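S.K.: sequence? don't have it. structure:
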């Protein structure tokens, strides 16, 4: 009996989750997800509005609109935790509308939850969270409109979407819209530094700069790229980051712009062609060209030249989107940029010698 008891005890101990292992394997995105409103990064005005809701104890129906990875879902969950406290588990229904987007979900899950009685403190209501709400069908949104009206005394709705235009007008008029913008580079870098210190990540400043560049205002992508580089290579430097992210290297595009500023069309196009030969699509290349041009050194590229180059890049991207996504259009973009720089030189407003400093 003693042997059997010992065997059962060993099995029970082995079946218990090991917190150290689960903590190490947890994605940093979830591990460092904000727990309070003060933990949210960026979008100061939106956070201030939510703090006012918590202070007053009243939350209207909400639409959180903004690009991916800026904290919309985290903000809704934090707001629910602040308002409902211990009752959050039973008083919140969280659905991802991209998976459950049909009219049956509204008629069954949402309506059944709205009819359920939950004991809450005075002034508090149940909360239905619909992530990716812009993926819901029009019929489902029409059905939800009536549900929002009938159960408005006991249930509030919080919708997260990338573009509020895809939410039908009747629902928009019933909700307060909270708009989120892309996070700034400094805001992303501050959170990355916090994670780097807590996880004891070996890094170089250029490596973190590369992560911020590839994230482009998306905190989710920044944390995922940081964790992937750390576990994949053990060292977060510029070279390893771009191996993980697999984006066109901005230094190659920066060299191409330097040749453009010198009026050297062959070498400028040669740099971009090398990226295309490596398998990058013209959309990847033109997107990185825009970001590199936007952040280019003002001493090497005067502002009026930068604006004109960005206009040329924008029209080229438009042609790509219309269906002409070919290397020929990209080559034409380079030729137009070189032509523009040449015209500026002739008019006396720009000297190619300035471009030499960019190499």
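M.R.: It's in. The structure presented is a predicted model; accordingly, all values stated were derived computationally and were not measured.
S.K.: now residue 285: how far from residue 246?
M.R.: Using C-beta to C-beta, to the nearest Å, residue 285 is found at 13 Å from residue 246. C-beta: built from backbone N, CA, C; applies to glycine.
S.K.: Got the confidence number for residue 20?
M.R.: Note for residue 20: predicted pLDDT of 39.
S.K.: hmm, I was thinking of residue 16
M.R.: In this prediction, residue 16 carries a pLDDT score of 41.
S.K.: And residue 163, by the same measure?
M.R.: Looking at residue 163, its pLDDT reads 87.
S.K.: Could you report the distance from the residue lying closest to residue 166 once chain neighbours are set aside to residue 160?
M.R.: Nearest non-adjacent residue to residue 166, counting by C-beta to C-beta, 6 or more residues apart in numbering: residue 134, 3.7 Å away. Distance of residue 134 to residue 160, computed by C-beta to C-beta: 9 Å.
S.K.: Not counting stretch 276-295 itself, show me its contacts.
M.R.: 213, 216, 247-248, 250, 253-254, 256-257, 272, 275, 301, 306, 309-310, 313-314, 316-317, 320, 325-327, 329-330, 333 (C-beta atoms under 8 Å, 6 or more residues apart in numbering).
S.K.: one more time with 7 Å
M.R.: The contact list for stretch 276-295 (C-beta atoms under 7 Å, 6 or more residues apart in numbering) reads 216, 247-248, 250, 253-254, 257, 272, 275, 306, 309-310, 313, 316-317, 320, 325, 327, 330.
S.K.: Inside strands: which ones of the residues you listed?
M.R.: In this view, the contacts of stretch 276-295 have no member that belongs to strands under DSSP state E.
S.K.: Which of residue 134 and residue 160 has more residues huddled nearby?
M.R.: A direct count of neighbours by other C-beta atoms under 10 Å for residue 134 and residue 160 places residue 160 higher, at 24 against 20.
S.K.: For that one, pull up the helix or strand it's in.
M.R.: Using DSSP states H and E, residue 160 maps to strand 155-161.
S.K.: Listing partners with orientation, what would you give for that strand?
M.R.: According to DSSP bridges, strand 155-161 has the following sheet partners: strand 62-65 (parallel), strand 126-131 (parallel).
S.K.: which element follows it toward the C-terminus?
M.R.: helix 169-174.
S.K.: what is the rounded mean pLDDT of that next one?
M.R.: pLDDT averaged over helix 169-174 gives 90.
S.K.: For the protein, give me the ranges with low pLDDT.
M.R.: 1-24, 97-101, 348-359 (pLDDT under 70).
S.K.: burial count for residue 122?
M.R.: Burial measure for residue 122: 5 neighbouring residues, criterion other C-beta under 10 Å.
S.K.: how close does it get to residue 216?
M.R.: Using C-beta to C-beta, we find residue 122 at a distance of 45 Å from residue 216.
S.K.: got the strands paired with strand 155-161 as JSON lines, with distance to residue 339 and mean neighbour count columns?
M.R.: Shown next, in JSON lines, are the strands paired with strand 155-161 (distance: least, C-beta to C-beta, whole Å; neighbours: other C-beta atoms under 10 Å):
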{"stretch": "strand 62-65", "distance to residue 339": "40", "mean neighbour count": "24"}
{"stretch": "strand 126-131", "distance to residue 339": "47", "mean neighbour count": "24"}
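S.K.: JSON lines please, covering the ones you listed and showing distance to residue 54.
M.R.: Putting these into JSON lines (distance: least, C-beta to C-beta, whole Å) gives the following:
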{"stretch": "strand 62-65", "distance to residue 54": "13"}
{"stretch": "strand 126-131", "distance to residue 54": "13"}
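S.K.: To residue 192, which of those lies closest?
M.R.: strand 62-65 (23.5 Å; C-beta to C-beta).
S.K.: Which parts of the stretch 151-300 of the chain are strands?
M.R.: Along the stretch 151-300 of the chain, counting by DSSP state E, counting those that start in this stretch, strands occupy 155-161, 176-179.
S.K.: Near residue 34, how many other residues are there?
M.R.: If you count neighbours by other C-beta under 10 Å, residue 34 ends up with 17.
S.K.: can you confirm it is in a strand?
M.R.: No: read with DSSP: H, G, I helix; E, B strand; the rest coil, residue 34 is coil and lies in no strand.
S.K.: list the contacts for it?
M.R.: 40, 74, 78.
S.K.: I figured the second one hits residue 33, correct?
M.R.: Yes: Residue 74 lies in contact with residue 33 (C-beta atoms under 7 Å); the separation is 5.6 Å.
S.K.: Those two: which has the busier surroundings?
M.R.: Neighbour comparison, residue 74 and residue 33: the larger count goes to residue 74, with 20 against 15 (by other C-beta under 10 Å).
S.K.: Sounds good, over and out.
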